[in-house]
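Visitor: Have a look at this prediction, sequence included:
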Amino acid sequence: MVDPITATPIAPPPPKVDPSVRIGDLVLRNAVMPASGTFAEGLAEIVPFEKLGAMVTKTITPQLRGGNPTPRVCEVGQGMLNSIGIPSKGIDYFLEHTLPFWRTFATPLVVSVSAESGDAFADAVARLDAPGVAAIEANISCPNIEEDGKAFAMDPRSTAQVVAKMRRATKLPLWAKLSPNTGDVASVARAAEEAGADALVVANTILAMSIDIETLRPRLGNVMGGLSGPAMKPIAVRMVYQCARVVSIPVIGCGGIATAADAVEYLLAGASAVQVGTATFVRPTAMLSVIDGLAEYCRRKGFSRVADLTGALHDADMTVYVHEAAS
Amino acid sequence: MVDPITATPIAPPPPKVDPSVRIGDLVLRNAVMPASGTFAEGLAEIVPFEKLGAMVTKTITPQLRGGNPTPRVCEVGQGMLNSIGIPSKGIDYFLEHTLPFWRTFATPLVVSVSAESGDAFADAVARLDAPGVAAIEANISCPNIEEDGKAFAMDPRSTAQVVAKMRRATKLPLWAKLSPNTGDVASVARAAEEAGADALVVANTILAMSIDIETLRPRLGNVMGGLSGPAMKPIAVRMVYQCARVVSIPVIGCGGIATAADAVEYLLAGASAVQVGTATFVRPTAMLSVIDGLAEYCRRKGFSRVADLTGALHDADMTVYVHEAAS
Amino acid sequence: MGQTISFQPGLRAGAASATGPTAGPLPATPSVADVLGVVVSHVWLNDEYRYLVLEAPEPAPLARAGQFFNLECPHTAEDKPFLRRPMSLYRADPAHGRVEFLYKVTGLGTRALASIKVGRTMRMLGPLGVGFSIPEGARSIAVLGRGVGLATLAPLAEMAAENGVGVTAILSARSSATVMSVERFAAIGAKIQIVLDSDGTSDPGNVELILREAAASGRADAFYTCGSNRLMLLMQRLGRELSIPGEVALEQQMACGLGMCFCCVRNFSVDGVVEARRVCTEGPVFRLDEALPW
Amino acid sequence: MGQTISFQPGLRAGAASATGPTAGPLPATPSVADVLGVVVSHVWLNDEYRYLVLEAPEPAPLARAGQFFNLECPHTAEDKPFLRRPMSLYRADPAHGRVEFLYKVTGLGTRALASIKVGRTMRMLGPLGVGFSIPEGARSIAVLGRGVGLATLAPLAEMAAENGVGVTAILSARSSATVMSVERFAAIGAKIQIVLDSDGTSDPGNVELILREAAASGRADAFYTCGSNRLMLLMQRLGRELSIPGEVALEQQMACGLGMCFCCVRNFSVDGVVEARRVCTEGPVFRLDEALPW
Ligand SMILES: Cc1cc2nc3c(=O)[nH]c(=O)nc-3n(C[C@H](O)[C@H](O)[C@H](O)COP(=O)(O)OP(=O)(O)OC[C@H]3O[C@@H](n4cnc5c(N)ncnc54)[C@H](O)[C@@H]3O)c2cc1C
Ligand SMILES: Cc1cc2nc3c(=O)[nH]c(=O)nc-3n(C[C@H](O)[C@H](O)[C@H](O)COP(=O)(O)OP(=O)(O)OC[C@H]3O[C@@H](n4cnc5c(N)ncnc54)[C@H](O)[C@@H]3O)c2cc1C
Ligand SMILES: Cc1cc2nc3c(=O)[nH]c(=O)nc-3n(C[C@H](O)[C@H](O)[C@H](O)COP(=O)(O)O)c2cc1C
Ligand SMILES: Cc1cc2nc3c(=O)[nH]c(=O)nc-3n(C[C@H](O)[C@H](O)[C@H](O)COP(=O)(O)O)c2cc1C
Ligand code: FES
Ligand code: FES
C-alpha cells in the first residue's frame, strides 16, 4: 500500500478483530467483565464503564445483611483469602438507590443475587426483573439453610432445584455461578443447564485458610475464607474445561485472571467470556488491559473474532479422563 | 549460670524441645516426612534418611504400570502441575528389589499403594505386610474402575468401602491419603476413620490445568494434572482443619510445605505430622530445614514438644461454619 | 460538626454519601487515578521509619490532608506483597508535582516498599478517601498524635495554618528518638507539646491536663487525633464533655481502596446504632464522636 | 559398546542400574550436593547465548562431561521460575574450583538466569546423571552437535584428548555467527568441520558424507551427538550400518533431577522393546542405538 498524499509505502492496517461475544441472547461488546464483589461505583473514575463487556454487581441478598467479622482479607502468596460475607442493603434498597446509578451507563448490568433457600432465590430473582437489569447472576455458592449450610452449588441435585425455581420466576437471562468447592463440577454444570440456566460462571472462590503463626490465630475473622487470584487459576481453568465439555450453554471463566494471556487460557479451555476480580484490586485498570490484549492476541494469531478463541484448544489428539485425578 | 572453669557467666542452654510425634502406635523421631512420589533413593546423598521422621515411597500398584504421556509437569506461578500417573514396577518387584534398599535405614518406611478396586487394594495391602514396612499409606485419590473412574476419596461411601476392605487385610498401621477434589472432605475423613484407618494424609494434589497460549495446547500431555506446591497450601490447611475437627485419629498435613512456618500452620490447624513434596524438588534439603525450624519455633514460643503444636490454634472465641463457603 | 470549610478536592462518588452510592454519572475529570510516581528521595529517619518522596503527575499532588494512596509495593527476593498498601499523605506539593509519605517498616509490604531506590517508579492509586475538615469559624485546633499517626496530622496542621487557624500539637512517642515531624509543626508556628513514655509525660492523665488547658485557653475549637486507640478514647471523652467537635483518622486492612471489596469496615456508633463503614471510602477521617475503639 | 573406560566420578545409586534401585547403603562421601556457587563471570556470547562461570565447592567441580546441574534460577520482577532448570556441564575445573555453563535464553527460567550478576550466589545441585564414556581401545571419536548441543560435547572432546583419543568435531549451526565453542575443539587439536544452514553445508546429505569419510579414514571409533533430532537419527543409522558404537545426550523437562519425580522419561528401544527411562538418572547420556526420535 502507498500513502495517497506522500506517496510513500505504508504498512497495511492491522486486521480488524471483532471483540464482541454472545452469552445466550445477550451480545456483549467484549468478553471482559468484573467479578461480583470486586467492582463498584468507586471504579468509575479509573475505568470507563462503557469500555466493559458488562457490569456485575456485588451479590445482593433479599434482606439487609451485615457481613463477617474483621479481618476480612489476607494475602497468601500470589493470591488472597476473603471472608467478606455478603454485606447487603437488601433488594429494595438496591432497586431504589443503586440501580439508578448503574442505569446511567450503556453497558449491560448483571445483578448478582443470593438467598438462603430455593424459594427465597426465586422471589429475589422475580423482584430484580426491573428496567436496567440485563441478566441475573445467581451466586449459588452460598449456604443453603435447607441443607445444613452446604452451598447449593456443591451438589447437582440442590443446584437443579434452586435453578429450576429461579427459572420459573424470571424471563431475564439467568447465569448460575458455580462453586469450585465440589468434587464434580461437571455434574453440577449439567444440572444447572438442564434446570434452565442460560450461562454458567465458573468459578467462585475456593475455601481456604491461613494462620498467623506468631499470634496462633486464623488470619481471617471468620477462620476460613475464599481463595482468589492467580493461585487459583489452574484449578478454575480446569473446571471451565470440564464444564464446557458437558454443557452447550456459554461458560464464563473466572479465577485469577490478571492479564490477557490468562483470559486467553480460559477462552481456549471453553469459556465464552471472562470475569476479572482480584486483579482489579492489585491493578485497577486490569480489565482494560485484558480487553486490549485479547484483541492484540487475536491479531497476532490470526483470529478474526475473539469469540473464535472459545474452545479453540488443540486437544483433539489427546485422551481426556474428565473425572480423573492426577498423581 | 556460671561457667565452672572460667567462672564467667554463660547463657542458659536453650530449652530442650522434644521433636517426636506419635501417629497411632508409631512414634516418629520428628514430625517431618516426604510426600509420596517426591522422594526416592537418589535423595540419600543429600538428605540423611536417618534424620527424617519417616520415609514414604512413590505409590506402588499391584502390577507393572507405565505412567502418562509427556510433558508430565509444568510450572504455574508458585506451584506446579503434574500428570506423572503412577508408573510402577509392581508389588513383587518392590518386595524383591526396592524394599531391601529401604530396610538398610533405621527410619520407618511407609509404603504408598494404589489399586483400581477395593479388592485389589485389599490384596495389595496384604502382600505388603513384609518386614521393613512400618505402615501402609493408601493413595485412595486414584480412580476407582468400579465407579466410572471417580477417585475413591471423592466420596464418603466409596472411601468407607475401600478402607474397610484394606482394614480386614492387614494389621499394619493403615493411613488413608485423601483427595482435595471433593466438596466434603470432612465427611470423607469421618468415613475413613469409621472404616478403620489409623491416620489420614490430607491432601493429594488438586486437579488443575494449564494451557500454552502460543501452541494452543495443554501444557501437560495428559491435559489435566495435579496442582502442588505453595499455591495449594491455604486450601490444604483448610482441609486439615476441617478433618481434624471431626476425627480423633491423627491427621498428617500435606500441600505446599516448604518452610518450618508452613509446617507450623498445618500443626496448629490440627495436623500431627507433615509431608513435604514439591519443595524437595526446589530445595532438596527442604525437609531438613523444616525439621530444624520446627524445634526452633517451639523454643521461641515456649512449647516443650512439637506434638503440643497440634491443634494449638487460638480459635476458641471464633465461630466456625465448617461447611460454609466464603464469598 | 455543623458547617465545615471543605478542603476536599471535589466530592467523589463513594465519598459523597455514607449511606449508599449516588445516582447519576460521575464528574468527567477524574480526581482519582492510578499514576506512576518516580522516587526522588527515600531515606531512613530512624531505625523504623522511612521518608519517601515521589514525583507524580496529577491528580496525585492535589491530595489533601487525611487522604491516602494505595501503593503498589515492589517485589524483592524475600518479600512479594500481593495486594497494595495504604499510606496517608504526608505532604502534597502541587507546585512541584510531589507527594510524600512517612511510614513505619512493619511487615512484608512495608519491608518491600523500603527497598525501592531513587529513580524507580511505583504505581500509586489516589488520592483516596475523605480528608480532614475544619469547622467554619474555628480559630484554633488541637491535634494529638502518636507514632506514625503524627505523619497523618502534619499536613492537617499546615492546612489549618494556611487558613489562618492556629494549632496546638501534642506529639506522643516512646522516646525523644521517635518523635517525628516536629519541624513541620514548628514551621507553621504550632504550640508544640512533646509527651514521652520514657519520662512518663505521655501518661493519659497528663495528656488530659494539656488538652483541658488548651480548651480552657481557647486553643481547641476542634480536636483531631490519629495513631492511638487510648488517645482517641481520651479525646473523644473530653470532646463530648467540653462539646468540642473532632475528627479521627482510622486505619483498617485494605484491598481495593476504592470501596469495592468491603474488607476495610469498622463499626461506628451513629445515634446509638452500630453501623459498619468502609474506612477507604467513608473515611479514613471520621467524626470523633462516632468512632468506636478497636 | 562393550568394555568402556569409565570417566564417571563414582557410581551413584540411580545411575548404577537402569532396571531399579540397588540394595545396600550408598557410598559415604556424597558425590552429589546442593552447593552455593558464586558467579565470577557471566557474559553474552551473541544475541541468544550466555556463558556463565561459577566458583563452587566440591563436588561440583568434579563433574564429568555429559553430566549436568539443576540450577536454582533467581527471581526477577518479571520472571519467577518455580522449578530449577537443568544445564549441562560446559567445563569443570577442579583445580580452580570452577564450573561453567553455556546456555540459550529461551523462556522464563533462562531469562531469569540471564539476570544474575557477578558476585551473586546460586544454588546448584549436582553433578547429576550419567556422563559420556569412551569405548576401550578407541583411538579417535567423531562428535556431531548443533546449537547448544555443542556446549555439551566440548568437555567430551577434552576428555578424549586427555586420554589420548583423537576427535573429529562436526559443528552444525544456523550461520557462522552462532557456531560456538570452536576454540575449545581447536585447542585440543580436533579436526573441525563447520556446517551451516546459511551455505547449505548443514544438509544431512553433506553431514553423512563427512561422517562416512571420518569412519572410512579411521577417525570414528565412536559416535557422539547432542542437540538435534535429525542429526541423531542420521548418526544412529550410520552407526548401525558401520557398526560404530555411540552415545547421545538427551534433554527432557525436569523437576527434581534426582530420579524421584519420573517427569523426565523418554522412550528407548531396548532389544526391540520400548522402555521408558529417566533422563536425569539413567541419562542424560544414552546409548545411541537405543534412542528413539523425539
Ligand atoms: C488509610 C491508611 C493510612 C495509613 N497511613 C500510614 C502511614 O502514613 N504510615 C504508615 O507507616 N502506615 C500507614 N498505614 C498503615 C499501613 O498501611 C500498614 O502499616 C501496612 O499496610 C502494613 O503492611 P505490611 O505488609 O508491612 O505489614 P503486615 O503486618 O505484614 O501486614 C499484613 C497485612 O495487614 C495489613 N495491615 C497491617 N497493619 C495495618 C494497619 N495499621 N492498617 C491497615 N492495614 C494494616 C496489611 O495491609 C497487610 O494486608 C495506613 C493505613 C491506612 C488504612
Ligand atoms: C540434562 C539437560 C541439560 C541441558 N543443558 C543445556 C545447556 O547446556 N544449555 C542450554 O541452553 N540448555 C540446556 N538444556 C535445556 C534447558 O534446560 C532449557 O532450555 C531450559 O530449561 C528452558 O527453560 P526456560 O524456562 O528458559 O524455557 P521455557 O521454554 O519457558 O521452559 C518451560 C518449561 O519447559 C522446560 N524446558 C524447555 N525446554 C527444555 C529443554 N530443551 N530441555 C528440558 N526442559 C526444557 C523448562 O524446564 C520449563 O519447565 C538442558 C536440558 C537438560 C534436560
Ligand atoms: C473481596 C471479594 C469479594 C467477593 N464477593 C463476591 C460476591 O459478593 N459474590 C460472588 O459471587 N463472588 C464474590 N467474590 C468472588 C469473585 O467474584 C470471583 O469469583 C473470585 O474472586 C475469583 O476470581 P478472581 O481470582 O479474579 O478474584 C468475591 C471475591 C473477593 C476477592
Ligand atoms: C511429581 C509428583 C508425583 C506425585 N506422585 C504421587 C504418588 O505417587 N502418590 C501419591 O499419593 N501422591 C503423589 N503426589 C502428591 C504428593 O504426595 C503430595 O500429596 C502433593 O504434591 C502435595 O504436596 P506438596 O505441595 O508438598 O508437593 C505426587 C506429587 C508430585 C508433585
Ligand atoms: S479497601 Fe476495599 S472497600 Fe475499602
Ligand atoms: S527430573 Fe525427576 S525423575 Fe528425572
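Guide: Cool, got the structure. Numbering: from 1, shown residues only, chains lettered A, B, ... in the order given. Ligands and ions are numbered 1, 2, ... in the order given.

Visitor: so C:Phe101 sits in a strand?
Guide: Yes - looking at C:Phe101 with DSSP: H, G, I helix; E, B strand; the rest coil, it is inside a strand.

Visitor: could you list every residue that touches it?
Guide: By Cβ atoms under 8 Å, 6 or more residues apart in numbering or on different chains, the contact set of C:Phe101 is C:51-52, C:54, C:69, C:71, C:87-90, C:151. Quick note: C-beta positions are derived from backbone N, CA and C, even for glycine.

Visitor: hey, what's it bridged with?
Guide: C:Leu52 (DSSP bridges).

Visitor: measure it to chain D for me?
Guide: 21 Å (Cβ to the nearest Cβ, to the nearest Å).

Visitor: And for C:Phe262?
Guide: For C:Phe262 relative to chain D (Cβ to the nearest Cβ), the value is 30 Å.

Visitor: what secondary structure does that residue sit in?
Guide: Of the three states, C:Phe262 takes coil according to three-state DSSP.

Visitor: Does it touch A:Ile84 like I think?
Guide: Yes - at 5.1 Å, C:Phe262 counts as touching A:Ile84 under the criterion of Cβ atoms under 8 Å.

Visitor: on that earlier part again, let's have the contacts of C:Phe101 in TSV, adding secondary structure and neighbour count.
Guide: Formatted as TSV, the contacts of C:Phe101 follow (DSSP: H, G, I helix; E, B strand; the rest coil; neighbours: other Cβ atoms under 10 Å in any protein chain shown):
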residue	secondary structure	neighbour count
C:Tyr51	strand	18
C:Leu52	strand	22
C:Leu54	strand	26
C:Phe69	strand	30
C:Leu71	strand	26
C:Met87	strand	25
C:Ser88	strand	27
C:Leu89	coil	28
C:Tyr90	coil	24
C:Ala151	helix	26
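
Visitor: Sort these by pLDDT and name the bottom one.
Guide: Minimum pLDDT across these is recorded for C:Ala151, with 91.

Visitor: looking at it, that residue is touching C:Glu100, isn't it?
Guide: No - the criterion here is Cβ under 8 Å, and C:Ala151 misses it with C:Glu100 at 9.1 Å.

Visitor: anything in contact with each of the two?
Guide: In terms of Cβ under 8 Å, 6+ apart, C:Ala151 and C:Glu100 are both contacted by the residues C:Tyr90.

Visitor: where exactly do the helices run in the chain?
Guide: You didn't pick a chain, so chain A it is. Counting by DSSP state H, one finds helices in chain A at the ranges A:91-93, A:99-103, A:118-127, A:156-169, A:185-194, A:233-246, A:260-269, A:278-282, A:286-301.

Visitor: was after chain C, sorry
Guide: Going by DSSP H, chain C shows helices at C:13-16, C:108-113, C:149-162, C:182-187, C:204-216, C:229-242.

Visitor: low pLDDT regions in the chain?
Guide: Using chain A. For chain A, the stretches flagged by pLDDT under 70 are A:1-14, A:144-145, A:148-149, A:321-327.

Visitor: Switch to chain C, please.
Guide: In chain C (pLDDT under 70), the answer is C:1-30.

Visitor: Find the closest residue to ligand 1 in it.
Guide: C:Gly107 (2.0 Å; Cβ to the nearest ligand atom).

Visitor: mind listing what the residue of the stretch 51-200 of chain C found nearest ligand 6 touches?
Guide: With Cβ to the nearest ligand atom as the measure, C:Ala77 is the residue of the stretch 51-200 of chain C nearest to ligand 6, at 25.1 Å. C:Ala77 makes contact with D:74-75 under the criterion Cβ under 8 Å, 6+ apart.

Visitor: Please report phi then psi for it.
Guide: Main-chain dihedrals, C:Ala77, degrees, to the nearest 10: phi -60, psi -40.

Visitor: Relative to B:Val282, how far out is it?
Guide: 14 Å (Cβ to Cβ, to the nearest Å).

Visitor: so what's A:Ile213 up against?
Guide: Contacts of A:Ile213 by Cβ under 8 Å, 6+ apart are B:261, B:264-265, B:268, B:297.

Visitor: What parts of the stretch 151-294 of chain C come near ligand 3?
Guide: Contacts of the stretch 151-294 of chain C with ligand 3, taken as Cβ under 6 Å from any ligand atom, map to C:Cys261.

Visitor: Run through the residues that contact A:Gln78.
Guide: A:229-231, B:77-78, B:231, C:80, C:82.

Visitor: One more pass at 6 Å, please.
Guide: A:230-231, B:77-78, C:82 (Cβ atoms under 6 Å, 6 or more residues apart in numbering or on different chains).

Visitor: Which residue in chain C shows the largest distance from the geometric centre?
Guide: Computed with Cα atoms, centre = their mean, the maximum C-alpha offset from the centroid of chain C is found at C:Ala77, amounting to 30.9 Å.

Visitor: which non-adjacent residue is nearest residue 189?
Guide: Going with chain A. Residue nearest to A:Ala189 in three dimensions, not counting chain neighbours: A:Cys243, with 3.9 Å by Cβ to Cβ, 6 or more residues apart in numbering or on different chains.

Visitor: The intended chain is chain C.
Guide: In space, C:Gly189 is closest to C:Ala161, 6.9 Å off (Cβ to Cβ, 6+ apart).

Visitor: swap in C:Ala65?
Guide: C:Pro155 (3.8 Å).

Visitor: That neighbour and ligand 2: what is the separation?
Guide: 48 Å (Cβ to the nearest ligand atom, to the nearest Å).

Visitor: Just give me the neighbour total for that residue.
Guide: For C:Pro155, the count of nearby residues is 24 (other Cβ atoms under 10 Å in any protein chain shown).

Visitor: just to revisit the earlier point, reformat the contacts of A:Gln78 as a markdown table; add distance to A:Glu194.
Guide: Output for those, formatted as a markdown table (distance: Cβ to Cβ, whole Å):
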| residue | distance to A:Glu194 |
| --- | --- |
| A:Pro230 | 33 |
| A:Ala231 | 32 |
| B:Gly77 | 35 |
| B:Gln78 | 38 |
| C:Phe82 | 39 |
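
Visitor: residue contacts, A:Ala279?
Guide: A:Ala279 neighbours (Cβ under 6 Å, 6+ apart): A:258, A:286.

Visitor: ok, now with 7 Å
Guide: Shown in contact with A:Ala279 (Cβ atoms under 7 Å, 6 or more residues apart in numbering or on different chains): A:257-258, A:286.

Visitor: Highest mean neighbour count out of the helices of chain C?
Guide: helix C:149-162 (a mean of 24; mean count of other Cβ atoms under 10 Å in any protein chain shown).

Visitor: residues in contact with the residue of the stretch 201-327 of chain A found nearest chain C?
Guide: Using Cβ to the nearest Cβ, the single residue of the stretch 201-327 of chain A nearest to chain C is A:Phe281, 4.5 Å away. Residues in contact with A:Phe281 (Cβ under 7 Å, 6+ apart) are A:38, C:83, C:255-256, C:261.

Visitor: returning to that earlier point: my understanding was that the residue nearest to C:Gly189 contacts C:Ala187; is that so?
Guide: No - C:Ala161 is not in contact with C:Ala187 according to Cβ atoms under 7 Å; the separation is 8.6 Å.

Visitor: What distance do you get for whichever residue of chain A sits closest to chain D to A:Val56?
Guide: Across chain A, no residue is closer to chain D than A:Gln78, which sits at 8.8 Å (Cβ to the nearest Cβ). Note on A:Gln78: its distance to A:Val56, by Cβ to Cβ, is 23 Å.

Visitor: Same question for A:Thr98.
Guide: Taken as Cβ to Cβ, the span from A:Thr98 to A:Val56 is 13 Å.

Visitor: With neighbour numbers in mind, choose between the two.
Guide: A:Val56 (28 against 21).

Visitor: What sits closest to A:Leu216 if chain neighbours are left out?
Guide: Using Cβ to Cβ, 6+ apart, the closest residue to A:Leu216 is B:His314 (4.7 Å).

Visitor: who's in contact with C:Val279?
Guide: C:250-252, C:264, C:266.

Visitor: how much space between it and C:Phe286?
Guide: 8 Å.

Visitor: what's the overlap in contacts for the two?
Guide: C:Leu250.

Visitor: All set now, cheers.
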